[in-house]
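Q: pasted the sequence and its predicted model underneath.
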Amino acid sequence: MSKQSALLSASTSALLLEVVDGALIIQHWGAPLQGELASVQTAIRPSIANSSWDFPQFPGIMRESSRGFLGRPTLSGHRSGKAWSTKFEVTDFHHNKNHVAVTLRDFHAELEVTLNFDLDVHGVLTQKGSVKNIGSTDYTVNEFIHWLPLPKEATQTLDFAGRWSNERNPQRKDIATGTWVRESREGRSGHNFSIADIALTSQTSFQSGNAWATSIAWSGNSHYLVEKLFDGSMSIGAGELLLPGEVTLAAGESYAAPALLSVFSADGLDGVSAAYHSYLRARPMHPKRPRPLTLNMWEALYFDHNEEKIKALIDVAAEIGIERVVLDDGWFHSRRDDRAGLGDWVIDPAVWPNGLSPIIKYINDKGIEFGLWFEGEMVNPDSDLYRAHPEWILHEGDRVPPLWRHQLVLDLGHEGAFNHVLEQTSAVLSAHNIAYIKWDHNRVLVDAGHLGQAGVHRQTQAIYRLFAELKKRHTALEIESCASGGARIDLGVIDLVDRFWTSDNNDALERQTIQRWTAQVIAPELLGTHIGPTHGHQTGRTLELSMRAATALFGHAGIEWNITEASEQERKHLATWAQYYKDNRAHLHSGKMVRVDYPEAHAYLHGVTAHDKSRAIFAYVQLTPTVAIHPSPLKFPGLDPSATYMVKAVFPAGKPRFMLITPPEWMSGISLSGSALASIGVTAPILAPANAFLIEITKA
Ligand code: DGJ
């Protein structure tokens, strides 16, 4: 291979980079490559078409009009109307194993771009990039997007849409000529944020087929793009969505674009998830402790912070085996409902006359950790903070943005506001034994100005800085990222937090789908999954405890229910389920997530298989009534074909509601080879809709 080229290889994918005529070209992103590659550029050199360039053009990664590119450029910006078109040349190219660092310069536009590519052993490609102003006048950055090429087999894309309590609905559609853009303009990643944008063949399923996935590591405004040009080329990319004038670089200043983390999988959507999960698990900051079984008291109390009621909850929690209890919204100054108090992070003596220490002691004495809720980026107009500093909100001119849940957004780009939140939060943490905080973000950012300029970029950086500082000061502290449920779940904030609140919807039937797709990128142990009340507070639906428990098991499990109202029998089931979670969480939080391509739409079959294939736990979830009497058999891919396994149904929180006279015989235990389990399977019992049970598969 020539000097200025690099092959980055993982067992599942490869990236081939080459410098051609001064441009950096991604020649391949996809299946692994080996052997002789020097002639790739010649092999794919295009013909000269009619009504076209006289010589082939190689626009390369910067996608510039100066190099004959007619699609959306990588970098766009200007110096008061000048330097609007660039022609970057590669000036440095460093390749070391699976890392490539490239510097490109345009001396006319007076800009320097640095690009980094890293392919890890799991097949996750990280692209980072920055642009530096090497001129003497200001340069305004409009857009900096990381792009990857797509082959023609990628005929479809899959992304996710959502709203409060119904996050991450998959939308799969054909790629047509043009540019498909998914924007997120909420100032947080958002309920409607696409956790990934995935190109697929029309055949790609969970278990098989090619997929090219990207996920942007950013919690502010962003956009994903899929572009199919009339010359036939296709690409997928993403970047920060910068508001007008939001990033202006003075001489010598740089803008670092959010990283893009991408995966090519030849093993379907589960192959994509496996790569992201392995990447996340290998990070130094990935939670190492077993994920504590959590009781969040929000749905049991709401704003009614009554000490006796809380103690009664704690007593039952201890009996069940809860390891962490969270006091949610309502503990701080004048916060009797959601109309007041945000911004004043001091304990309210009206509800906690002796402070929080006695209740924390009560909790700790039972061997349970304590967690507390904050929403530091927000302020209610009815708060001491707002009365003292109305100028500390994100706003434009003399306008006050429209209220949302009676609150406004603090401008954390303002040092005064930033320090206020940091110091008040930190003081509460220093004064108490608090293992964990749930950090909420319950509104969108609109008209979000900082001293006359768009302020979302600065705000996003500020919250990262604040989380980092809190973790520095309180070293064992865990942070949960919550935003009205799952509106801040992204790979940008992930290195600073230990858990995401997946959704405010605790209805297990809805949660099945929300969790299924959030885990497309995020490892399940980072996703809060709670057993909700018998009658769901969001949907009003009544669900069996066995269904709620089987759903909550596949994540960082917990309970969000007034368990003092649970019956004796339900408490016993909660205790056996809690023990089951503790006994199996090491497996559930380290194995490979498997979503079986079950042939019928009435059910999900999903589970976790150990990487050494020694065991698996699956859930069969019947969502709706079956159409035929006998549902399709349950087949389990990915086990050791020649090994013999014990297979049985287990019911740690009681049995599901069956709709049959005699359940299939195998449920009480049989042995079967891995190949028979994959190809023949076992009979699916007929359940009532919205019911589930677990299947344990263990090597004999
Ligand atoms: C929204 C969160 O998602 C809920 O879990 C709860 O913390 C409320 N906010 C509290 O106001």
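A: That came through, no problem. Just so it is clear, the model here is predicted, and its values are computed rather than measured.
Q: so where do the strands sit in the stretch 151-300 of the chain?
A: Along the stretch 151-300 of the chain, counting by DSSP state E, counting those that start in this stretch, strands occupy 156-163, 166-174, 178-184, 197-200, 211-216, 222-228, 234-240, 247-249, 254-265, 294-296.
Q: just say helix, strand or coil for the residue of the stretch 301-450 of the chain found nearest the ligand.
A: Residue nearest to the ligand within the stretch 301-450 of the chain (CB to the nearest ligand atom): residue 329, separated by 3.5 Å. Quick note: C-beta positions are derived from backbone N, CA and C, even for glycine. Following DSSP: H, G, I helix; E, B strand; the rest coil, residue 329 is assigned to coil.
Q: now it. Nearest residue, chain neighbours left out?
A: Closest residue to residue 329 apart from its sequence neighbours, by CB to CB, 6 or more residues apart in numbering: residue 373 at 5.2 Å.
Q: can you pull the residues of the stretch 401-550 of the chain lying near the ligand?
A: Taking CB under 6 Å from any ligand atom as the contact definition, the stretch 401-550 of the chain meets the ligand at 440, 442, 482, 484, 485, 501, 504.
Q: ok now do the nearest residue to residue 379 once chain neighbours are set aside, which residues does it touch?
A: Spatial nearest neighbour of residue 379, excluding adjacent residues (CB to CB, 6+ apart): residue 343 at 3.7 Å. Applying CB atoms under 8 Å, 6 or more residues apart in numbering to residue 343 gives the contacts 378, 379, 380, 383, 384, 385, 386, 410, 420.
Q: sorry, back to before: same list, the strands of the stretch 151-300 of the chain, but as CSV with mean pLDDT, distance to the ligand and mean neighbour count please.
A: Formatted as CSV, the strands of the stretch 151-300 of the chain follow (pLDDT from 0 to 100; distance: least, CB to the nearest ligand atom, whole Å; neighbours: other CB atoms under 10 Å):
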stretch, mean pLDDT, distance to the ligand, mean neighbour count
strand 156-163, 98, 13, 19
strand 166-174, 98, 11, 16
strand 178-184, 98, 18, 16
strand 197-200, 98, 25, 26
strand 211-216, 98, 22, 27
strand 222-228, 98, 21, 23
strand 234-240, 98, 25, 24
strand 247-249, 98, 31, 20
strand 254-265, 99, 24, 24
strand 294-296, 98, 7, 26
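Q: using a markdown table, please lay out the ones you listed together with distance to residue 621.
A: A markdown table is the format used below for the strands of the stretch 151-300 of the chain (distance: least, CB to CB, whole Å):
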| stretch | distance to residue 621 |
| --- | --- |
| strand 156-163 | 20 |
| strand 166-174 | 17 |
| strand 178-184 | 29 |
| strand 197-200 | 23 |
| strand 211-216 | 23 |
| strand 222-228 | 30 |
| strand 234-240 | 31 |
| strand 247-249 | 46 |
| strand 254-265 | 24 |
| strand 294-296 | 22 |
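Q: so which of these gets nearest residue 67?
A: strand 234-240 (14.9 Å; CB to CB).
Q: and for the closest one, what's in contact with it?
A: With contacts defined as CB under 8 Å, 6+ apart, strand 234-240 is touched by 71, 74, 143-152, 154, 157, 175, 197, 199, 212, 214-216, 218, 220-228, 257-258, 260, 457.
Q: show me the helices in the protein, by range?
A: Using DSSP state H, the helices of the chain run over 40-43, 268-281, 298-301, 307-320, 357-365, 384-388, 415-431, 456-473, 508-518, 545-552, 568-588, 674-679.
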